[in-house]
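# heads up, no residue letters with this:
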Ligand code: NBP
């Protein structure tokens, strides 16, 4: 049962994210009303957490839940993205939420849904969107939070979001570790900032996830090359990734990779778990959304899409097993490479990572024009420095790049990133060539290099594509010696005849 109007905030949806975020909010002294569609889950949650610094008010009905929260109500929804968000929003309206109340969808919703919901429910409540990243532990002890919506609503959410977000050291930009139940981190810069109206926060969260896909793919390709080119074992590799975590590659994903590679299989302790896990990657859709958005807007985010396709390819396990017995390639592996090759793969990973982030930021650059947002890219990179899955020392370098030049069109043009690629590109090319020669699939390394080489090429072969298009479909072409926007067409079959009399 609820007490009337005591809670400063409410939260609906007590699955992995909701439970942990509610405890994080309570740890920061906020009284919070909680509700879950399946009542037993609410009751168990309250039973298991009797002594939180802020009070947890368990509610069995939505009517009780709405009454339990002070007005104007701030209500966070953390349910499955899609239809459930609309269902819960409508139920809140039916239960008495009104126009002065703010409903925050903190799930992984498609940004266009957030734009639609803000409009659709405008007469009934203030609908707001926020990305939350960091998984279970992030939600519990400090996520990265990416809010977007009406700025007035943000004023009500801001104190809660700034309190519960991950914190970074203002001098080093590194995450401040050490939060524990009941003892949150105090001080530091919170990993949250208002990003813009309607779907801006969910768009940024989606791109974060797209980058996460490619970050993970690149790390797994580095692992695979080290294993198959050099014949290294999981514990050797764990050591290498631990060492890499002390370099420019320092990041949460590299850190957990080192941990993963040390893990023995609980069912077969002589084996390493990574060798017992089926090589078929799952996906929930945010990488696909990012790639679809890139295709829709014509932004070349090829490595992000490649990472999604790599998961699709991995899922074709049975077909790949059958093909492996029929389709021939070179014999992989040349264990003579040694330490120099380890460093070359590290450089290839770092250069590819720079290109992947360049694509993600280029995508957001285009989206802000499409949706009339005004992103501060330095701020976006800064709120990803802690709490989220792609957190990395590298993000401080991105913030620095946009501080140097807020109008930077592509990260590759920043002096720091230019220099890093200049330093690493010979080794990057060597690794990509070796992967090809040895028949080892490294699609994200290869597509990142193709992105780099295409982006730095003043004249691409697209002139021939335009000629072909004009030939078969009269699609017209622009000329190098005329202003952009002037289009030409010729009657192509005539071109076979001599144009100039000898
Ligand atoms: P899930 O995405 O697994 O959703 C489960 C929750 O949704 C349960 O509380 C369930 O209630 C509730 N729910 C559903 Br399903 N349909 C409902 C409906 N029609 N009405 C009311 N409640 C409904 O939970 P999650 O993994 O905690 O994720 C929550 C959100 O956060 C999602 O959008 C997810 O994409 C996003 N996210 C997740 C992670 C992660 O690491 N898991 C990270 C970042 C963001 P029930 O108990 O009654 O079934």
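Received, thanks. The model shown is predicted, which means the values in this text are computed figures rather than measured ones. Residues are numbered from 1 along each chain as shown.
# surely residue 262 and residue 235 touch.
Yes - using CB atoms under 8 Å, residue 262 is in contact with residue 235, at 6.3 Å. Quick note: C-beta positions are derived from backbone N, CA and C, even for glycine.
# which one of these two has more residues nearby?
With neighbours defined as other CB atoms under 10 Å, residue 262 and residue 235 compare such that residue 262 has more, 16 against 12.
# what distance do you get for that one to residue 240?
Distance from residue 262 to residue 240, counting by CB to CB, to the nearest Å: 12 Å.
# also residue 151?
Taking CB to CB, one finds residue 151 at 47 Å from residue 240.
# who has more neighbours out of the two?
Shown here are residue 151 and residue 240; by other CB under 10 Å, residue 240 has more neighbours (21 against 10).
# surely that one and residue 233 touch.
No - if you go by CB under 8 Å, residue 240 and residue 233 don't touch, sitting 10.8 Å apart.
# which of the residues in the helix or strand containing residue 426 are buried?
Under the criterion of DSSP states H and E, residue 426 resides in helix 415-438. Within helix 415-438, the residues that qualify as buried are 417, 420-421, 424-425, 427-432, 434-435, 438, counting by 16 or more other CB atoms under 10 Å.
# for these, which one is nearest residue 393?
Residue 393 has its nearest neighbour among the buried residues of helix 415-438 in residue 420, at 12.8 Å by CB to CB.
# for the closest residue in space to the closest one that isn't next to it in sequence, the count of nearby residues, please.
Counting by CB to CB, 6 or more residues apart in numbering, residue 420 lies nearest to residue 354, which is 6.2 Å off, once chain neighbours are set aside. Residue 354 has 25 neighbours, counted by other CB under 10 Å.
# if we can go back for a sec, touching both of residue 262 and residue 235, which residues are there?
Residues touching both residue 262 and residue 235 by CB atoms under 8 Å, 6 or more residues apart in numbering: residue 272.
# what residues does the protein put near the ligand?
For the chain, the contact set with the ligand under CB under 6 Å from any ligand atom comprises 13-18, 36-38, 41, 78-81, 84, 87-88, 107-108, 132-133, 135-136.
# mind showing which ranges of this structure have poor pLDDT?
For the chain, residues meeting the criterion pLDDT under 70 lie at 1-4, 333-336, 497-502.
# now it against the ligand: closest residue?
Using CB to the nearest ligand atom, the single residue of the chain nearest to the ligand is residue 107, 2.4 Å away.
# going along the chain, name the helices of the stretch 151-300 of the chain.
Per DSSP state H, counting those that start in this stretch, the stretch 151-300 of the chain carries helices over the ranges 151-164, 200-230, 234-244, 252-262, 286-297.
# also the stretch 401-502 of the chain?
Using DSSP H, counting those that start in this stretch, helices in the stretch 401-502 of the chain cover 415-438, 443-455, 462-473.
# how about residues contacting the shortest one?
When you say that, I think you mean helix 462-473. 475, 476, 477, 478, 489, 490, 492.
# the same query, at a cut-off of 6 Å, please.
Here helix 462-473 makes contact (CB atoms under 6 Å, 6 or more residues apart in numbering) with 475, 476, 477, 489, 492.
# which is the next helix or strand following the top strand by length along the chain?
Longest strand in the chain by number of residues (criterion: DSSP state E): strand 126-133. Elements were assigned by DSSP H and E; along the chain past strand 126-133, the next helix or strand is helix 135-141.
# the helix holding residue 426 to helix 443-455, inter-axis angle?
Computed by axes from the mean of the first three to the mean of the last three CA atoms, to 10 degrees, the angle separating helix 415-438 from helix 443-455 equals 120 degrees.
# quick revisit: reformat the helices of the stretch 401-502 of the chain as JSON lines; add distance to residue 57.
Shown next, in JSON lines, are these (distance: least, CB to CB, whole Å):
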{"stretch": "helix 415-438", "distance to residue 57": "49"}
{"stretch": "helix 443-455", "distance to residue 57": "47"}
{"stretch": "helix 462-473", "distance to residue 57": "61"}
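# quick one: closest of those helices to residue 203.
That would be, of the helices of the stretch 401-502 of the chain and by CB to CB, helix 443-455, which comes in at 21.3 Å.
# and the contacts of the closest one?
Outside helix 443-455, the residues touching it (CB under 6 Å, 6+ apart) are 214, 217-218, 221, 302-303, 306-307, 310, 348, 352, 355, 432.
# out of the residues you listed, which is nearest to residue 392?
Taking CB to CB as the measure, residue 392 lies nearest residue 218 of these, at 12.2 Å.
# am I right that the closest one is in contact with residue 352?
Yes - look at residue 218 against residue 352 with CB atoms under 6 Å: they come within range, at 5.1 Å.
# straight-line length of stretch 312-332, end to end?
In stretch 312-332, first residue to last residue: 23 Å (CA to CA, to the nearest Å).
# any buried residues in it, and which?
Going by neighbour count (16+ other CB under 10 Å), the buried part of stretch 312-332 is 313, 314, 332.
# stretch 23-33 now?
23, 24, 25, 26, 27, 28, 30, 31, 32, 33.
# I'd guessed the last one sits against residue 7; true?
Yep, that's residue 33 we're talking about. Yes - counting by CB under 6 Å, residue 33 touches residue 7, with 3.9 Å between them.
# among the residues of the chain next to the ligand, name the buried ones.
Buried among those (16+ other CB under 10 Å): 13-14, 17-18, 36, 41, 78-79, 81, 84, 88, 107-108, 132-133.
# okay, and which of those residues map to strands?
Judged by DSSP E, these include 132, 133 as members of strands.
# identify the farthest-apart pair in the buried ones among the residues of the chain next to the ligand.
41 and 133 (23.4 Å).
# quick check: which of the helices of the stretch 151-300 of the chain is buried the most?
A comparison of those by mean neighbour count, using mean count of other CB atoms under 10 Å, puts helix 200-230 on top with a mean of 25.
# for it, name the packing helices and strands.
Applying 3 or more CB pairs under 6 Å, 6 or more residues apart in numbering; DSSP states H and E, one finds that helix 200-230 makes contact with helix 111-120, strand 126-133, strand 144-148, helix 252-262, helix 286-297, helix 302-315, helix 339-370, helix 443-455.
# now do the longest one against helix 252-262, angle only.
Between the direction of helix 339-370 and that of helix 252-262, the angle (the same axes, to 10 degrees) works out to 140 degrees.
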